[in-house]
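structure for this input, please:
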Amino acid sequence: MSYSITHQFCSQVEDLTTMCCLFSNLKKREDIPIILDGYTRIRVPRNNLLQSTELKALDMISLVGPEAEARDQALRASANAENQDDEWHAKLWAEYLEFYDYDARDAADEWWHQWGRFTDKLNTDGGFEDSSEGSEFS
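Predicted structure coming up:
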């Protein structure tokens, strides 16, 4: 599912980590579609972010002429911005922080606790049932 160009290997590790974390909660074969739906809901937005961030970076490094000079001046200014406050730096680097401050295990666990943990209570009609039976895979 990896759409990334320069981060394809880290994206594949994130994909695998997400899949492993979600499937570690599997109790019944019937829950596999729900697990796969959760995987898609977690990974598609992340891969879209990877792709858009990389395309922006490629656009930025591909600039020529006056645009490249303006880019270089802006980068120099950010490197020498010791007199700027933390809010200024946060705005400047916010997208990169979101890009790198990601934990696939945390994302999978968050999805599971929010949505996936209810799969054992769903019956075939889509309603809830009292499931006091043991796991099929125990």
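
output the lowest mean pLDDT helix or strand found in this structure.
For the chain, counting by mean pLDDT, DSSP states H and E, helix 86-100 ranks last in confidence among helices and strands (a mean of 74).

so which elements touch the following helix or strand past it?
Sequence order places helix 104-114 as the next helix or strand after helix 86-100, per DSSP states H and E. Applying 3 or more C-beta pairs under 8 Å, 6 or more residues apart in numbering; DSSP states H and E, one finds that helix 104-114 contacts helix 8-23, helix 32-61. Placement of C-beta: from N, CA and C, glycine included.

give me the number of residues near Glu54?
17 (other C-beta atoms under 10 Å).

for it, give its distance to Cys10.
Separation of Glu54 from Cys10 (C-beta to C-beta, to the nearest Å): 12 Å.

swap in Lys91?
25 Å.

what about these two, which has more around it?
Cys10 (15 against 10).

list the contacts of the most centrally placed residue in the chain.
Nearest residue to the geometric centre of the chain (C-alpha atoms, centre = their mean): Arg46, 3.3 Å. By C-beta atoms under 8 Å, 6 or more residues apart in numbering, the contact list for Arg46 reads 11, 14, 102, 107.

the first one: how many residues sit nearby?
Think Ser11. Ser11 has 21 nearby residues by other C-beta under 10 Å.

what does the third one give?
Here the number of neighbours of Tyr102 (other C-beta under 10 Å) works out to 14.

quick thing: my sequence starts at 50, can you match it?
With 50 as the first residue, the last one maps to Tyr151.

looking at it, it is touching Glu63, isn't it?
Yes - judged on C-beta atoms under 8 Å, Tyr151 makes contact with Glu63 at a distance of 7.3 Å.

contacts for stretch 135-149?
Contacts for stretch 135-149 (C-beta under 8 Å, 6+ apart): 98-99, 102, 105, 127, 130.

quick one: which of those is most hemmed in?
Leu99 (23 neighbours).

is that one in contact with Gln61, as I believe?
No - between Leu99 and Gln61 no contact is recorded; they are 11.1 Å apart, counting by C-beta under 8 Å.
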